[in-house]
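[1] Quick one, what's the 3D model for this:
(2 chains)
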Amino acid sequence: MTVLSPLLLLGLAALAIPILLHLLRRQETRSLDFPALRYLTRTTREQARVIRLRQLLLLALRMMALALLVLAAARLILPLGGRDHPPAGLAIVIDNGLTSGAVTGTTRVLDSLLVRASEALDQTGEQDRVWIVEAGEPGNPSLPLTPSEARVRLAELSATDVAPDLGAAVDRAEALLEAGAPEVREVVLVSDLRAAAFSDRSEGTEARAVPVRIAPPPSWGGPNRGIDQLLVSGGLTPRAGDAGELQARVVGPGAEGALVRAYLGDALVGTGRAGADGFVRLPLPTVEAGWVIGRIEIEPDDLRGDDAAYFAFRAVPPPEVQVVGTIPTFLEDALAVLEDAGRIVREGTGAPQLRIFAAGAEAPEIDGTPLLLLPPDDAAQLPALNLVLGRAAPGWRLVAEGVGEDGEREIVGGSLSSLLPVLPRVRLAHSIESGDGAVAGTALLTLSDGRPWLLQLRGTSGPVFLLGSPLTLRASDLPGSAAMLPLMDALTTIAAGTREPAGVLAGEPLLAPEGARTVRLPSGTDRALGTRQLLSETGSAGIYEFLGDEGAGVGFVAVNASTPESLPALEPSEVARRLGADPDALTGDRPWPEAVLADRRGREVWRPLVAVLFLVLLMEGWLASYGGRGTRVKNRAD
Amino acid sequence: MNPTPNAPGRTRRGDLLSSEELAALGGLEVLVEAVVEGFFMGLHRSPHRGFSAEFAELRGYQPGDEIRHIDWRMYARSDRFYVKQFEDETNLRAYILLDVSASMGWSSRPGSLPTKLWYGRTLAAALTHLLLRQGDRAGLALFDDRIRGWLAARGGRRQWVEALRRLESLEASGTTDASSALKEVALRLRRRGLVLLISDLLVDPEQTLRALKFLRHQGHQVVVFHLFDPGERDLTGTGDARFRDPETGEDLVVDVSDVRKEYREAVDRAVEEWRGRLRPAGIEYEVLDTAGAMGPGLRAFLRKRERMS
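    Numbering: from 1, shown residues only, chains lettered A, B, ... in the order given. Model prediction:
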């Protein structure tokens, strides 16, 4: 039972009017002399129960009349069939992610989903508001639309290469409804319900305030074969003039023996077949200085989105590294290895592209060269290091308070963490603190307690890299671990200004390179970048080209589909559990699409209410005038 | 007879005029004359005949007899003096008991409808006039919870003037206790006679009935005129009202709409109870509407007087 105009229910307060009138009339009643009071007293004494009953009946009838009037005006809806419902807010979460591009027979999954969404819209009226939440393009805004506008919006949707997080999408839909929808709200989830779309973080969440309806998922052939991983030379992109290697992994049915082709630009540069574990290695020819763009592909299947993976990097000559002071042994060894591999040059003739400063040495010149500051093993040398830090990156300093005897921390986050084959543990780390006027910084690595451990600071004349721990085994596992070389290579590469964002997945926001003004999407469409330089329209896998002023190229970024959604679809009850939705409300006992807004739909009953109101008024009139009738005293003298 | 105020050019009998019309005629004496004259006019056309003025027999003239009573026709035929002998009307003593308690001073439409006291006073005056006119003796007792005024029963013009004076100066006050007044009247009446009680009977019914029966037991003929203001028979208006008894000060809040019908039935029952208990005792009982004419009251009196003849 519900109403179409809930505000008018405030009129139910008028039910107090008969009672108030009754009380007020009792207080302000007229007073008159009446000698025949004895007859009146006898009457009221004899008729007390009848009078009381009649008064109660009259009061009840009058209150009922008011209630009927208010309910009729508020347009009461009773669950008697029919499709009437109060103004509702309906958020349709449509899963236009990676798997929605799958084709079964001649039908695309997305098209089936759009039919479901359209059927849900059929249950709405023009008084309703609809939000289309694109799980496959979470960066797209979702605005309140009329049902007809929503149909247009649905028609414009396309499948993306994003691995959707449907839990987050439903969260967002719920938030949108709570922020701007009428009282009647419902979330409709239209998806193929692939298991990978429901992240673990959604599990165990509390029951939702807004009902969630799940459209029956269309069936398609999955699980699916796709490219799960692509690495260029193990993460160390080749320097200019070097050859490299493409390492990929094919997953899913038929991964073993799958034919993989590698392209540089549009030129086929290699082919290979995946092994039993799905891995395949393809040679990357010698690259020239400049941008290197390419992809690998497998034979297409129903789901095309994960059949290709892209890469883009800039090949540069080995950067020159200068060391100031005495650096720890492990660092010395790592630099030697990188130098032997041609990844860096030590003490060259040109200007260094990275200067490593070890605490205790004479303060280096701050001349714009990227600076890596190594904390001392002895805390007594921290002030000297902070002097250098203050000159290079004002506002920052190291404080000798950190992980010590109380335990260890693990390096768990930061943009470089994905490059590290192992995540070292840290036993001693100084606190990196900033004060007023501190220059901007970005955490490249963070500890498990959330503190930054490796920072890239925007120094006064160039980048400054600041470590939170000395590079000694007493302070952390890093120097002796397999992560040391990739980390130092990454730092030298970044210092050389060539490091591109790594591991960008479709759907994730992308920070544009400095100087970029527009971006050319894989579809060839140009988009202007905002002042935040953050691109959220990354739903399609492919190469994103960033352009500066007057169309000058600034850089390329490869965006890849995330982990192929080869997991099977979930049962709706399992989906309900993961979404934190009420299983009964989720499935209901009505067939799709009648389940949409089913709890609030019914038949508007203002006509019967008015008819009953008329009867009640008649009864009230009869009962009220009942006391006015009767026989007159027979006057025998007349 | 005076023309009625609302029907110029026509004459109507005073006993048929409503109390409102009657009140417009003027002072008590004038309107009593109008009522009684009108009443007599009606009698000529009615099957009723005269009462104590009815001729009974002739007897021989004796010294001391009034010359005006000599039947001159018999003298012409028989050459002897005979005088007309009437019923012993002069033996009738009638006492009119008028309730003057506070409740009698009430009118449901003050300013337009006369009070019950006005009606009762006019009726009392008319009855007095009738009694005296036919040679009876008429007395007057004014009471509330006791006798407030007493005029012993006498005949003649002087009695009429005195009765008028007493009736014109009445004001309603006090509470009603008809039984006390009736008992006191009973003690004062040594000869059998006619007792005419004019009251709204807002009294203790049991004690009043007992007193009336006592009067009856003493051999008196009793007529009870029960006065009702129209507003006491039918509750008017709607909604809640606080009703206050002007005699006792008691009050009661009632929704008029709730009790209108039941109240009317209660009044009907009260009337029937009075009637049902008075009639078997040989007491005439007449309900009079103070908005109505005096005629019904006078006819009731006439009926009783005829039975006493």
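[2] And the helices in the stretch 301-450 of chain A?
    In the stretch 301-450 of chain A, the segments counted as helices under DSSP state H, counting those that start in this stretch are A:329-340, A:382-392.
[3] Let me know which of those helices is the nearest to chain B.
    Of all the helices of the stretch 301-450 of chain A, the one in closest proximity to chain B, counting by CB to the nearest CB, is helix A:382-392 (89.5 Å). Every residue, glycine included, has its C-beta placed from N, CA and C.
[4] Quick one: list the elements packing against that closest one.
    Taking 3 or more CB pairs under 8 Å, 6 or more residues apart in numbering or on different chains; DSSP states H and E as contact, the helices and strands that helix A:382-392 lies on are strand A:371-374, strand A:396-403, strand A:463-467.
[5] for that helix, which positions count as buried?
    With burial defined by 16 or more other CB atoms under 10 Å in any protein chain shown, the residues of helix A:382-392 counted as buried are A:L382, A:L385, A:N386, A:V388, A:L389, A:R391, A:A392.
[6] Tell me who's in contact with the nearest residue to the fourth one once chain neighbours are set aside.
    Right, the one you point to is A:V388. In space, and not counting its chain neighbours, A:V388 is closest to A:A363: 5.1 Å by CB to CB, 6 or more residues apart in numbering or on different chains. With contact set as CB atoms under 8 Å, 6 or more residues apart in numbering or on different chains, A:A363 has these partners: A:A384, A:L387, A:V388, A:R391.
[7] Can you check the pLDDT for the first one?
    Confidence at A:A384, expressed as pLDDT, is 86.
[8] Distance check, the nearest residue to it once chain neighbours are set aside against chain B.
    Of all residues beyond its chain neighbours, the one nearest A:A384 is A:A359 (6.3 Å), with distances taken as CB to CB, 6+ apart. Using CB to the nearest CB, to the nearest Å, we find A:A359 at a distance of 97 Å from chain B.
[9] Single out the residue in the stretch 151-300 of chain B that lies closest to chain A.
    When distances are taken as CB to the nearest CB, the stretch 151-300 of chain B reaches nearest to chain A at B:P296, 3.0 Å away.
[10] Could you give the average pLDDT over the helix or strand harbouring that residue?
    With elements taken from DSSP states H and E, the one containing B:P296 is helix B:295-308. Averaged over helix B:295-308, pLDDT sits at 75.
[11] do stretch A:111-122 as well
    Mean pLDDT, taken over the full extent of stretch A:111-122, equals 92.
[12] same question, stretch A:271-280
    93.
[13] residues making contact with that stretch?
    For stretch A:271-280, the surrounding residues in contact (CB under 8 Å, 6+ apart) are A:228, A:247-251, A:255-262, A:281-282.
[14] hmm, 7 Å instead?
    For stretch A:271-280, the surrounding residues in contact (CB atoms under 7 Å, 6 or more residues apart in numbering or on different chains) are A:247-251, A:255-261, A:281-282.
[15] who wins for most neighbours among those?
    Of the contacts of stretch A:271-280, A:V250 is surrounded by the most neighbours, 29 neighbours in total, counting by other CB atoms under 10 Å in any protein chain shown.
[16] so what's it bridging to?
    Applying DSSP bridges to A:V250 gives these bridge partners: A:I227.
[17] Mind pulling up the pLDDT for it?
    On pLDDT, A:V250 comes in at 92.
[18] Pull up the gap between it and A:P522, please.
    The spacing between A:V250 and A:P522, counted by CB to CB, to the nearest Å, is 22 Å.
[19] got it, and A:D340?
    When CB to CB is the yardstick, A:D340 and A:P522 sit 38 Å from each other.
[20] Please identify which of these two sits among more neighbours.
    Using other CB under 10 Å, the more surrounded residue of A:D340 and A:P522 is A:P522, with 18 against 9.
[21] correct me, but A:V184 touches A:P86?
    Yes - contact status for A:V184 versus A:P86: in contact at 5.0 Å, counting by CB atoms under 7 Å.
[22] need the residues of the stretch 201-309 of chain B near chain A, please.
    Taking CB under 7 Å from any CB of the partner chain as the criterion, the stretch 201-309 of chain B approaches chain A at residues B:202, B:232-234, B:239-247, B:250, B:252-254, B:257-268, B:270-271, B:286-289, B:292, B:296.
[23] so can I have JSON lines of the helices of the stretch 301-450 of chain A showing distance to A:R194?
    Output for the helices of the stretch 301-450 of chain A, formatted as JSON lines (distance: least, CB to CB, whole Å):
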{"stretch": "helix A:329-340", "distance to A:R194": "42"}
{"stretch": "helix A:382-392", "distance to A:R194": "49"}
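[24] where in the stretch 201-309 of chain B is pLDDT low?
    Per-residue confidence for the stretch 201-309 of chain B (pLDDT under 70) gives these ranges: B:306-309.
[25] Also the stretch 51-200 of chain A?
    In the prediction, the stretch 51-200 of chain A carries residues with pLDDT under 70 at positions A:199-200.
[26] Which residues are in contact with residue 285?
    If you meant another chain, say so; for now it's chain A. A:P285 is in contact with A:A243, A:L264, A:V269, counting by CB under 7 Å, 6+ apart.
[27] wait, I meant chain B there
    Contact criterion CB under 7 Å, 6+ apart gives B:V224, B:H226, B:W274, B:R275, B:L278, B:R279 as the residues in contact with B:Y285.
[28] Which helix or strand contains the second one?
    Spelled out, that is B:H226. When secondary structure is defined using DSSP H and E, the element that contains B:H226 is strand B:221-228.
[29] starting at the chain centroid, how far to whichever helix or strand comes after that strand?
    Next in sequence after strand B:221-228, counting helices and strands by DSSP H and E, comes helix B:230-233. Mean-position distance between helix B:230-233 and its chain equals 20 Å (CA atoms, centre = their mean, to the nearest Å).
[30] mind exporting whichever helix or strand comes after helix B:230-233 as CSV, just the C-alpha atoms?
    Where DSSP H and E defines the elements, the next helix or strand beyond helix B:230-233 is strand B:240-244. Coordinates of the C-alpha atoms in strand B:240-244 are reproduced here as CSV (Å, rounded to 0.1, in the frame of the first residue of the first chain):
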residue,chain,number,x,y,z
ASP,B,240,-23.3,22.0,22.7
ALA,B,241,-25.0,24.3,25.2
ARG,B,242,-24.8,24.7,28.9
PHE,B,243,-28.3,24.6,30.3
ARG,B,244,-28.8,26.2,33.7
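[31] elements contacting strand B:240-244?
    Helices and strands in packing contact with strand B:240-244 are listed as strand A:30-33, strand B:251-255; criterion 3 or more CB pairs under 7 Å, 6 or more residues apart in numbering or on different chains; DSSP states H and E.
[32] Can you add distance to A:L579 and give these back as CSV?
    Shown next, in CSV, are those (distance: least, CB to CB, whole Å):
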stretch, distance to A:L579
strand A:30-33, 67
strand B:251-255, 61
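[33] Give me whichever of the ones you listed is most buried.
    Compared across the helices and strands packed on strand B:240-244, strand B:251-255 shows the largest average neighbour count, a mean of 18 (mean count of other CB atoms under 10 Å in any protein chain shown).
[34] Quantify the burial of B:K304 by counting its neighbouring residues.
    Per other CB under 10 Å, the neighbour tally for B:K304 reads 18.
[35] Identify the residues contacting it.
    With contact set as CB under 7 Å, 6+ apart, B:K304 has these partners: B:Q221, B:V223, B:E284.
[36] What separation do you get for A:S112 and chain B?
    Computed with CB to the nearest CB, the distance linking A:S112 and chain B is 69 Å.
[37] my guess is that residue contacts A:P216, does it?
    No - with contact defined as CB under 7 Å, A:S112 does not count as touching A:P216 (9.7 Å).
[38] more neighbours, those two?
    Counting neighbours by other CB under 10 Å for A:S112 and for A:P216 shows that A:S112 has the greater number, 20 against 15.
[39] who are the neighbours in contact with A:P319?
    By CB under 7 Å, 6+ apart, A:P319 lies in contact with A:I344, A:Q353, A:L354, A:T492, A:A495, A:A496.
[40] Could you do A:L389 as well?
    Contacts of A:L389 were listed using CB under 7 Å, 6+ apart, and they are A:L373, A:W396, A:R397, A:L398, A:L466.
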